[in-house]
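In: structure for this input, please:
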Amino acid sequence: MKYLDVEMRDMTIEDLPQVMEIENLCFLHPYKEKDLIYEINENPVSNVWVIEYSNKSLGLKQIVGFVDYWVTFDSGTICQIAVHPDIQRSGIGTIMMEEVKKDAYAKRVKTLTLEVRESNVKAINFYQKHGFVISHKKEGYYSNGEDAIYMILEVRK
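Out: So this is what the prediction gives:
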């Protein structure tokens, strides 16, 4: 999956320092490194990818985002999708979301779902831009008591 100067690929253990930086910048209650190690090495339903920017003339490679989504039978769940705050709204999130949707379709997934903090209007708008619709609210879903918005995307009819 190659786009201009970015490429999506499977996440590896070696990627964790850069991924954890993004994780800690983007999430109120970030995953621990051990959680991502489990997703990479042990979770049989996870698809964990990074998106990496490269500048060949400078010899630079930098992870700028990542996604973790699960496929169980004919449904998928986006657990996390994150772009480094310095480059949000640059199209990186859209590239990742389009790859998730293509992969889900290829795996015969019928629906993709996710939960997002009710206060995270920017993320809700992003998901709606990509075809997700609000299904319902999960009251007190997060550890601080905040409600979650449950969203769903029909991948296959």
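
In: quick check: beta-bridge partners of the residue most central in space within the chain?
Out: Central residue of the chain (C-alpha atoms, centre = their mean): I81, 1.9 Å from the mean position. I81 has these beta-bridge partners by DSSP bridges: V67.

In: per-residue pLDDT, it?
Out: We have a pLDDT of 97 for I81.

In: numbering from 727 from now on, please.
Out: All right, first residue 727 from here; so that's I807.

In: what's the separation between it and E865?
Out: Computed as C-beta to C-beta, to the nearest Å, the I807 to E865 distance reads 24 Å. Just so you know, the C-beta spots here come from the backbone N, C-alpha and C atoms, and that holds for glycine as well.

In: list the buried residues in the longest helix anywhere in the chain.
Out: What stands out as the longest helix in the chain, according to DSSP state H, is helix 818-832. By 16 or more other C-beta atoms under 10 Å, the buried positions in helix 818-832 come out as I818, G819, I821, M822, M823, E825, V826, K827, D829, A830.

In: quick one: the helices in the protein?
Out: 742-752, 759-767, 818-832, 847-855.

In: count the neighbours of V797 for me.
Out: Counted with other C-beta atoms under 10 Å, residues neighbouring V797 total 18.

In: pLDDT at the residue located most distally from the centre of the chain, what is it?
Out: Distance from the C-alpha centroid of the chain peaks at S783, with 29.0 Å (C-alpha atoms, centre = their mean). Listed pLDDT for S783 reads 75.

In: just the one 5 residues further on next, same as before
Out: You'll see Q788 listed with a pLDDT of 92.

In: V771 contacts T798, correct?
Out: Yes: assessed by C-beta atoms under 8 Å, V771 is found in contact with T798 at 5.2 Å.

In: can you list the helices of the chain in TSV and add distance to G791?
Out: Shown next, in TSV, are these (distance: least, C-beta to C-beta, whole Å):
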stretch	distance to G791
helix 742-752	7
helix 759-767	14
helix 818-832	5
helix 847-855	12
